[in-house]
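Novice: Predicted model and sequence below, questions to follow.
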Amino acid sequence: MDLELRHLKAIRAIADAGSLTRAATALGLAQPALSAQLKRIERALGGALFERSREGVRTTALGDLVLDRARVVLPAVCELQEEAVRFAREGAGGYRLGGTHGPLLGSLVDRLARTEPGTPVTTHTSWSEREIARGVAAGRLDFALVGVCGESAPPEAGRLAWTEVARDPVYVMLAADHPLASRTELDLAELAVEAWTDVPGDGCFGDCFAAACVRAGFTPACVYETDTASCVHLVQVGRAVGLCRATFPPTPGIVTRPLTGAPLIWRHLLGWHPEGRAAGRAATVLHHTRAAHAAALAHSAGLLTAPGHNAVAGAD
């Protein structure tokens, strides 16, 4: 016979009550049934756990050992069960969001928190769109907020449901004192001699950018791949020009300009598992995500006097 939690509970009840009769009453069992159960437990453990007398029962040395362990194990199991129930209850009503870096994820968290106060919202960020998508496919995340270049397929396309939130033309960021800053639109070929900066990622944006440059007649001489703040700094000090979208707020010392013909497009996507626990809330999350994008776009456009917007490409 394998020892079970109910056996430990019986041992504890007998020790606490001091008699089989009182323990049986506390456990809701008949005294003969508890006595028979105790005999089976003692056989499984290799010795007597209690000494019986007219005054009741008293633990043996083996009984003391088992009882000491039971007093540790039983509360721990009870706590585990309570935490599991609480986690399942909160998880079922919460949102586990994954995304690459940028303002949309933060705005989505804010909107969910305001409209559903008390509902847990957790986030996981990564430069890797594939990592985020794998997290949703494996059930570790409920939703993925990522971006892809042009018409490229999103990661885990065969396992996840993907919906387009919005699409932005990719712009170029220049230092405010750059010789071309006064222009309202730039041809990509005019930037052939520039150093470039963008953020890392495992999508195809880097390849799409390289292909657009080749079509424009040049190959970028230098590309600094770094975090968003460093990209902005390199542009501000004139060390490089950057690629940008509409959802990044205006930044001092930087102007943004559209590229003639919009050679690069960035699509914001929301993904979820069609059979996942949160699939029924996809419409709600999509609504808030689109509202977050619209608000970010309006904020950027409203604060800029020249055409164009600030958004470091590759950061969602």
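Specialist: Looks like it came in fine. Residues are numbered from 1 along each chain as shown.
Novice: Now do the same contact list for residue 215.
Specialist: residue 263 (Cβ atoms under 8 Å, 6 or more residues apart in numbering). For every residue, glycine as well, the C-beta is placed using N, CA and C.
Novice: What separation do you get for it and residue 263?
Specialist: Computed as Cβ to Cβ, to the nearest Å, the residue 215 to residue 263 distance reads 7 Å.
Novice: Please apply the same query to residue 157.
Specialist: Distance from residue 157 to residue 263, by Cβ to Cβ: 24 Å.
Novice: Compare these two (neighbour count), which wins?
Specialist: Using other Cβ atoms under 10 Å as the criterion, residue 157 and residue 263 rank with residue 263 on top: 18 against 13.
Novice: where does this protein dip in pLDDT?
Specialist: For the chain, the stretches flagged by pLDDT under 70 are 82-93, 301-316.
Novice: so the closest residue to residue 165 other than its chain neighbours bridges to which residues?
Specialist: What sits nearest to residue 165 in space, not counting adjacent residues and going by Cβ to Cβ, 6 or more residues apart in numbering, is residue 268, at 4.1 Å. For residue 268, the beta-bridge partners are residue 147, residue 166 (DSSP bridges).
Novice: ditto for residue 52
Specialist: Under the criterion used (DSSP bridges), residue 52 bridges to residue 57.
Novice: Now for it, how many residues are close by?
Specialist: Neighbour count of residue 52, defined by other Cβ under 10 Å: 12.
Novice: can you give me the strands for the stretch 1-150 of the chain?
Specialist: 50-53, 56-59, 95-99, 121-125, 143-149 (DSSP state E, counting those that start in this stretch).
Novice: Okay, buried residues for the first one please.
Specialist: This means strand 50-53. For strand 50-53, a neighbour-count test (16 or more other Cβ atoms under 10 Å) marks residue 50 as buried.
Novice: Can you tell me which helices and strands that strand packs against?
Specialist: Here strand 50-53 touches strand 56-59, going by 3 or more Cβ pairs under 8 Å, 6 or more residues apart in numbering; DSSP states H and E.
Novice: Same check on the fourth one?
Specialist: With contacts defined as 3+ Cβ pairs under 8 Å, 6+ apart, the packing partners of strand 121-125 are strand 95-99, helix 103-115.
Novice: List the contacts of that strand.
Specialist: Residues from elsewhere that reach strand 121-125, judged by Cβ under 8 Å, 6+ apart: 94-101, 105, 109, 112-113, 132, 135, 140-141.
Novice: go again using 6 Å as the cut-off
Specialist: With Cβ atoms under 6 Å, 6 or more residues apart in numbering as the test, strand 121-125 has contacts from 95, 96, 97, 98, 99, 101, 109, 112, 113.
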